[in-house]
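In: just the structure for this:
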Amino acid sequence: MISFSESDLEGVHLPHDDPVVVTLLVEWFTMKRVLLDSGSSTDILYKPAFDQLRISENQLKLVKTPLIGFAGETVLPLGSIDLSVIVCSSPCQTQVQITFLVVDTPSPYNAIIGCPRLNAMEVIVSTRHLLVKLVLDIVTR
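Out: Below is the predicted model:
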């Protein structure tokens, strides 16, 4: 059973409304400012982060479905790409393939990991604790 306790709040200043932002290993590159968003139904990679991975745009798969933002704005993805993502560190880590939609729009984040992929990675996110726990019972902040 996975649970969060008061000791998990160490270093967290309450009350807060901060999002859970982590660093992940994406295609063997350290990617900071990755938002874990259980309210999102898709996984997003922003163009500047995509460019830093030095992957050619011709590797993107065509995507015809637009994304609709909070304010109703429409964003057409540049394409999609499957990338390897490692969560946590050795010896207890999980590696998954994530299909990211690559978008060219401003964002404070490099990527967003949505609810379906969070479930596939078997992670539990506590926004109160600003903490992520793997089902393997590994903790990272």
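In: residue 69 and residue 103, how far apart?
Out: 10 Å (C-beta to C-beta, to the nearest Å). Glycine gets a C-beta too; all of them are placed from N, C-alpha and C.
In: strands of this structure, start to end?
Out: Applying DSSP state E to the chain gives strands spanning 21-26, 29-37, 44-46, 67-68, 74-75, 79-89, 92-103, 111-114, 123-126, 131-134, 139-140.
In: neighbour-wise, which of residue 69 and residue 103 wins?
Out: More neighbours surround residue 103 than the other of residue 69 and residue 103, with 22 against 11 (other C-beta atoms under 10 Å).
In: with adjacent residues omitted, what lies nearest to residue 34?
Out: Closest residue to residue 34 apart from its sequence neighbours, by C-beta to C-beta, 6 or more residues apart in numbering: residue 111 at 4.7 Å.
In: need the pLDDT of residue 44.
Out: If you check residue 44, the pLDDT there is 96.
In: so what sits opposite it in the bridge?
Out: For residue 44, the beta-bridge partners under DSSP bridges are residue 101, residue 112.
In: picking up where we left off before, can I get the strands of the chain in CSV with distance to residue 15?
Out: Shown next, in CSV, are these (distance: least, C-beta to C-beta, whole Å):
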stretch, distance to residue 15
strand 21-26, 18
strand 29-37, 20
strand 44-46, 28
strand 67-68, 31
strand 74-75, 32
strand 79-89, 28
strand 92-103, 31
strand 111-114, 24
strand 123-126, 14
strand 131-134, 16
strand 139-140, 22
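In: check contacts around the residue nearest to the spatial centre of the chain.
Out: In the chain, the residue lying closest to the centroid (C-alpha atoms, centre = their mean) is residue 113, at 2.9 Å. Contacts for residue 113 (C-beta atoms under 8 Å, 6 or more residues apart in numbering) come out as 24, 34, 35, 36, 37, 40, 43, 85, 98, 121.
In: look up how far residue 31 lies from it.
Out: Residue 113 is 11 Å from residue 31, by C-beta to C-beta.
In: now for the two: what residues contact both?
Out: Common contacts of residue 113 and residue 31, defined by C-beta under 8 Å, 6+ apart, comprise residue 24.
In: how many residues are close by residue 14?
Out: Counted with other C-beta under 10 Å, residue 14 comes out at 7.
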